[in-house]
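>>> Dropping the sequence and predicted coords here.
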There are 2 protein chains.
Amino acid sequence: MSQTLHPRGVFSAALTPLDADLMPDNARFVAHCLRLLKEGCDGIAMLGTTGEANSFSLDERKGLLEAAIQGGVKPDQLLPGTGVAALTETVALTKHALSHGVNTVVMLPPFYYKGVSDDGLFASYSEVIQRVGDAKLRVVLYHIPQMTSLPLSFALIARLRAAYPGVFCGIKDSAGDFANMQGLVKEFPGLAVLAGADPLLLPLLREGGAGCITATSNLVAADLAFVFHNFDKPEKAAEVDAAQARIVAARNRASRFAQMPSLKVMLAAKLGDQNWTRLRPPQLPLNAEETAALLAS
Amino acid sequence: MSQTLHPRGVFSAALTPLDADLMPDNARFVAHCLRLLKEGCDGIAMLGTTGEANSFSLDERKGLLEAAIQGGVKPDQLLPGTGVAALTETVALTKHALSHGVNTVVMLPPFYYKGVSDDGLFASYSEVIQRVGDAKLRVVLYHIPQMTSLPLSFALIARLRAAYPGVFCGIKDSAGDFANMQGLVKEFPGLAVLAGADPLLLPLLREGGAGCITATSNLVAADLAFVFHNFDKPEKAAEVDAAQARIVAARNRASRFAQMPSLKVMLAAKLGDQNWTRLRPPQLPLNAEETAALLAS
């Protein structure tokens, strides 16, 4: 794996805690980010799908980013999601990140309209880059067709990388198809391919991938960090296998019921803090039976 | 058809003109709204799918609504779309409309997440109603699963209408399945069922539907208004059939290529104003060949 890939490492798709009024709880969020970094994460991919970002207003999103930085997370440790449905809001969120020293963002395609052509997606990303107009900007594309119905094709990626050299530095592949990640690594040397599912970090590193942006990292960051730093050391093979087994087990446990509320229940239990169990509609907390079954497992 | 249905009539899913920088052209928009009303529309369903609403920022959306009112469109002639992905922004847009005397809005479900349960959608709409907290609010549900992947089930509609009597007054059904519209009329007396496709206005009126919110109305508003006012008059049958034939022809013409850019090309030609042909990414204008073929047809 090239040491020049950026971003590279284990990035947590951080959960977002909510207060009793279902507003982002910035203080708890900052404490969570600092804990994840202490556990070994290379950075925080805040405001992604797992972080309920698209249920938050622009101001709520900006507030979380500012709180993280004011709370001691370094700007280069943050990979905020800034891609929303409206072009001008994607531009505004991306400029806001840059204005706080955060140069690398994760960008969804504009996800309301369906059946959008590669030309339409290219035009959208192009407009964003041009309107942001900042040579420091680095973009991690976000491939999650199960939410967007807008897969990011190899042809589109090639075209974006050719048109804006150096800007489209990575891709978070959350489609769950390992063959696609392998194909990305092979087709695009220099592109940081990041697994969107925790169990795929290890096999993807072996293929030359750059790391992961994942949800179960909220619970097993130390194991993911261990895998990342030791996957290629034969003398650590047994420990890597053990860490990987814990990662897979946590992921499976979080997938028995809906994933986001399950992760919040598991984190609440780990921290002894029931405030973590809240979600903003349309996401809902697990019911009492599901919670009991999950915690008993 | 009950005369008490609200909203009732022909509502244009108005196109939104853009300036050379692809920003909403408020002045051209107001002129278009006034023209549509003069042609016979009962109101303007602004900021819907056809209006590219989800490509605009909150401020751009608010600016268009304020411009329409300042330009002479009466607040009770407006049915703005206010449903977006983020709960607090849906609340903000709905409150903004109410603050300008616009009491009836069209509300998408929160459309980023997929596989959302009826419980999740109920919780989302409930939170919006409670947070808006205004007894004047009337909501037209927006059923467009081809964009949202979140169909609005009869069970959900029944539950919302029972929990908030009088609030959920109508539904725009854009799924294109006439049987679903028939079922809605039959299942929910007092619910204003509005066809989302122009050719379905006439058959839906015959079933007891309330009218339409449609895209081709940007071009054939007078024909739609004629159908609405005369569909049940035997002495007008021939004229209704002729108007319906023109509606179907316009819709078919606009469906040969992508619908939104086609409608903009056709409107630009009708008005002799090429400014109308712009779209904001990810939507793209027709290319030169498509434009020529469409205009020759």
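Thanks, I have it.

>>> can you give me the strands in chain A?
For chain A, the strands defined by DSSP state E occupy A:9-12, A:43-44, A:104-107, A:138-143, A:168-173, A:192-195, A:211-214.

>>> distance of residue A:107 from chain B?
13 Å (CB to the nearest CB, to the nearest Å). All C-beta atoms are positioned from the backbone trio N, CA, C, and that covers glycine.

>>> go on, residue A:14?
Taken as CB to the nearest CB, the span from residue A:14 to chain B is 17 Å.

>>> Surely that residue touches residue A:53?
No - judged on CB atoms under 8 Å, residue A:14 makes no contact with residue A:53 at a distance of 10.1 Å.

>>> what's the overlap in contacts for these two?
Taking CB atoms under 8 Å, 6 or more residues apart in numbering or on different chains as the criterion, residue A:14 and residue A:53 both touch residue A:46.

>>> How about residue A:20, nearest residue that isn't a chain neighbour?
The spatial neighbour of residue A:20 that comes closest, neighbours along the chain excluded (CB to CB, 6 or more residues apart in numbering or on different chains), is residue A:278 at 7.6 Å.

>>> contacting residues around that neighbour?
Listed by CB under 8 Å, 6+ apart, the contact set of residue A:278 reads A:17, A:18, A:19, A:20, A:22, A:264, A:285.

>>> what are the ranges of the helices in the stretch 151-297 of chain A?
Ranges of helices within the stretch 151-297 of chain A are A:154-163, A:178-187, A:201-207, A:217-230, A:237-254, A:259-271, A:288-296, based on DSSP state H, counting those that start in this stretch.

>>> could you dump those to CSV with mean neighbour count and mean pLDDT?
Below are the helices of the stretch 151-297 of chain A laid out as CSV (neighbours: other CB atoms under 10 Å in any protein chain shown; pLDDT from 0 to 100):
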stretch, mean neighbour count, mean pLDDT
helix A:154-163, 15, 98
helix A:178-187, 17, 98
helix A:201-207, 20, 98
helix A:217-230, 23, 98
helix A:237-254, 17, 98
helix A:259-271, 20, 98
helix A:288-296, 13, 97
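
>>> and the residue nearest to residue A:20, how far is that from residue B:228?
Distance of residue A:278 to residue B:228, computed by CB to CB, to the nearest Å: 47 Å.

>>> same deal with residue A:105?
For residue A:105, the distance to residue B:228 - CB to CB - is 48 Å.

>>> likewise residue A:256?
52 Å.

>>> Kindly report the same for residue A:125.
Residue A:125 sits 42 Å away from residue B:228, going by CB to CB.

>>> Also residue A:91?
Taking CB to CB as the measure, residue A:91 falls 41 Å from residue B:228.

>>> If you count neighbours, what's buried in stretch A:117-124?
A:118, A:120, A:121, A:122, A:123, A:124 (16 or more other CB atoms under 10 Å in any protein chain shown).

>>> is that stretch up against chain B anywhere?
Yes - counting by CB under 8 Å from any CB of the partner chain, chain B has neighbours in stretch A:117-124: A:117, A:119, A:120, A:121, A:123, A:124.

>>> out of everything not next to it in sequence, what's closest to the second one?
With sequence-adjacent residues excluded and distances taken as CB to CB, 6+ apart, residue A:119 is closest to residue B:284, at 5.9 Å.

>>> what's the burial count for the one you found?
When counting by other CB atoms under 10 Å in any protein chain shown, one arrives at 19 neighbours for residue B:284.

>>> That one and residue A:121 touch, don't they?
No - in this structure residue B:284 lies outside contact range of residue A:121 using CB under 8 Å: 10.1 Å.

>>> Show me which residues of the stretch 1-150 of chain A sit near chain B.
Counting by CB under 8 Å from any CB, the positions of the stretch 1-150 of chain A adjacent to chain B are A:22-23, A:49, A:54-58, A:60, A:84-89, A:92, A:109-114, A:116-117, A:119-121, A:123-124, A:126-127, A:146-147, A:149.

>>> hmm, 6 Å instead?
Contacts of the stretch 1-150 of chain A with chain B, taken as CB under 6 Å from any CB of the partner chain, map to A:54-57, A:85-89, A:110, A:112-114, A:116, A:119-121, A:123-124, A:127, A:147.

>>> for the stretch 151-297 of chain A, same thing?
Proximity of the stretch 151-297 of chain A to chain B is confined to A:280, A:281, A:282, A:284 under the rule CB under 6 Å from any CB.

>>> could you redo the last one with a cut-off of 8 Å?
So far as CB under 8 Å from any CB goes, the stretch 151-297 of chain A lies against chain B at A:280, A:281, A:282, A:283, A:284.

>>> Run through chain A and note the low-pLDDT ranges.
Residues of chain A meeting the criterion pLDDT under 70: A:1-3.

>>> quick one: residue A:72 from residue A:13, how far?
When CB to CB is the yardstick, residue A:72 and residue A:13 sit 20 Å from each other.

>>> and these two? which has more neighbours close in?
The neighbour count for residue A:72 versus residue A:13, taken as other CB under 10 Å, is higher for residue A:13 (28 against 11).

>>> Surely that one is in contact with residue A:215?
Yes - using CB under 8 Å, residue A:13 makes contact with residue A:215 at a distance of 4.9 Å.

>>> The closest residue in space to residue A:123 that isn't next to it in sequence: how many residues sit nearby?
Leaving aside its chain neighbours, residue A:123 sits nearest to residue B:281 (3.9 Å; criterion: CB to CB, 6+ apart). When neighbours are counted by other CB under 10 Å, residue B:281 registers 21.

>>> Likewise for residue A:176?
Neighbours around residue A:176, by other CB under 10 Å: 14.

>>> show me the contacts for it.
With CB under 8 Å, 6+ apart, residue A:176 has these contacts: A:146, A:196, A:197.

>>> any idea how far it lies from residue A:143?
Distance check for residue A:176 against residue A:143: by CB to CB, it reads 10 Å.

>>> Overlap in contacts, those two.
Here residue A:176 and residue A:143 have residue A:196 as joint contacts, going by CB under 8 Å, 6+ apart.

>>> Now a PyMOL select for only the buried ones of the contacts of residue A:176.
Typed into PyMOL, the next command selects the buried ones out of those (criterion: 16+ other CB under 10 Å):
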select buried, chain A and resi 196+197
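
>>> Can you lay out the contacts of residue A:176 as CSV showing distance to residue A:248?
Formatted as CSV, those follow (distance: CB to CB, whole Å):
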residue, distance to residue A:248
A:146, 20
A:196, 15
A:197, 10
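
>>> Endpoint to endpoint, stretch A:246-260 covers what distance?
19 Å (CA to CA, to the nearest Å).

>>> quick revisit: closest to chain B out of the contacts of residue A:278?
The shortest approach to chain B among the contacts of residue A:278 belongs to residue A:22, at 7.5 Å (CB to the nearest CB).

>>> List the residues that contact the closest one.
By CB under 8 Å, 6+ apart, residue A:22 lies in contact with A:278, A:279, A:280, A:281, B:87, B:127.
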